[in-house]
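> Quick one, structure for this:
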Amino acid sequence: MLKGFHHAAISTPDLDRAVRFYSELFGCKVVREFGWPAGIPEADALTGLQNSAARAVMLQLGESYLEIFEFSSPTPQPGNPERPACDHGITHICLEVRDSQAEYARLQQAGMRFHAPPQAQEGGFVTYGRDPDGNIVELLEFGM
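Numbers count the residues shown, from 1 in each chain. Coordinates of the predicted model:
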């Protein structure tokens with residue numbers, strides 16, 4: 001029996017930068033740090049990689065979790081920081097906010113890039129921005 005979603009995970013070339021971004025700008029808390037060196041057969045079996053090695057952090061925001069990996073082996077291929085939301089794969093992560101205009105201004109001031117200011121939609125506001133690796137982060141406000 002499925003209970004529900006537990007977390008989403010992303011891969012980054014700079015774990016410390018990604019953790020700072022999500023911790024400092026969104027208030028995520030580090031709840032677990034882990035990793036493994038190359039040569040662990042169980043890790044290779046799980047990831048489907050050969051000779052894998054990684055560091056990782058599990059972040060929590062409210063009752064949601066975001067897991068961030070930095071692989072050192074095998075050598076990761078760089079992602080496209082301008083990857084369109086329509087391309088296959090995870091399109092975005094979404095954070096619910098109370099005041100989308102204020103959060104947009106705060107995050108933009110901190111250097112976060114946005115596609116557009118918050119847009120009115122049925123029942124609230126929504127906007128898409130990018131984390132330092134180009135992953136899309138949606139800000140969603142209900143109760144307009």
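> could you point out the longest helix in the chain?
Longest helix in the chain by number of residues (criterion: DSSP state H): helix 100-109.
> which is the next helix or strand following that one?
strand 113-114 (DSSP states H and E).
> who does that next one touch, helix- and strand-wise?
helix 100-109, strand 124-130 (3 or more Cβ pairs under 8 Å, 6 or more residues apart in numbering; DSSP states H and E). Bear in mind the C-beta positions are built from the backbone N, C-alpha and C, glycine included.
> most packed of these?
Greatest average neighbour count among the helices and strands packed on strand 113-114 goes to strand 124-130 (a mean of 19), per mean count of other Cβ atoms under 10 Å.
> packing partners for that strand?
helix 100-109, strand 113-114, strand 119-121, strand 136-142.
> Reformat those as a markdown table; add mean pLDDT.
As requested, the helices and strands packed on strand 124-130 are arranged in a markdown table below (pLDDT from 0 to 100):
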| stretch | mean pLDDT |
| --- | --- |
| helix 100-109 | 96 |
| strand 113-114 | 96 |
| strand 119-121 | 92 |
| strand 136-142 | 93 |
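> Contacts only, for the nearest residue to Ala116 once chain neighbours are set aside.
Counting by Cβ to Cβ, 6 or more residues apart in numbering, Ala116 lies nearest to Thr127, which is 6.1 Å off, once chain neighbours are set aside. Contacts for Thr127 (Cβ atoms under 8 Å, 6 or more residues apart in numbering) come out as 100, 104, 114-119, 138-139.
> so what does the longest helix of the chain touch, helix or strand wise?
Contacts defined by 3+ Cβ pairs under 8 Å, 6+ apart place helix 100-109 against strand 113-114, strand 124-130, strand 136-142.
> then it to PDB, C-alphas only?
Extracted C-alpha coordinates of helix 100-109, given in PDB (Å, rounded to 0.1, in the frame of the first residue of the first chain):
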ATOM      1  CA  SER A 100       4.100  35.700  -3.700                       C
ATOM      2  CA  GLN A 101       4.800  39.300  -4.500                       C
ATOM      3  CA  ALA A 102       7.000  39.700  -1.300                       C
ATOM      4  CA  GLU A 103       8.700  36.400  -1.900                       C
ATOM      5  CA  TYR A 104       9.400  37.200  -5.500                       C
ATOM      6  CA  ALA A 105      10.900  40.500  -4.500                       C
ATOM      7  CA  ARG A 106      13.000  39.000  -1.700                       C
ATOM      8  CA  LEU A 107      14.300  36.100  -3.900                       C
ATOM      9  CA  GLN A 108      15.000  38.300  -6.900                       C
ATOM     10  CA  GLN A 109      17.000  40.700  -4.600                       C
END
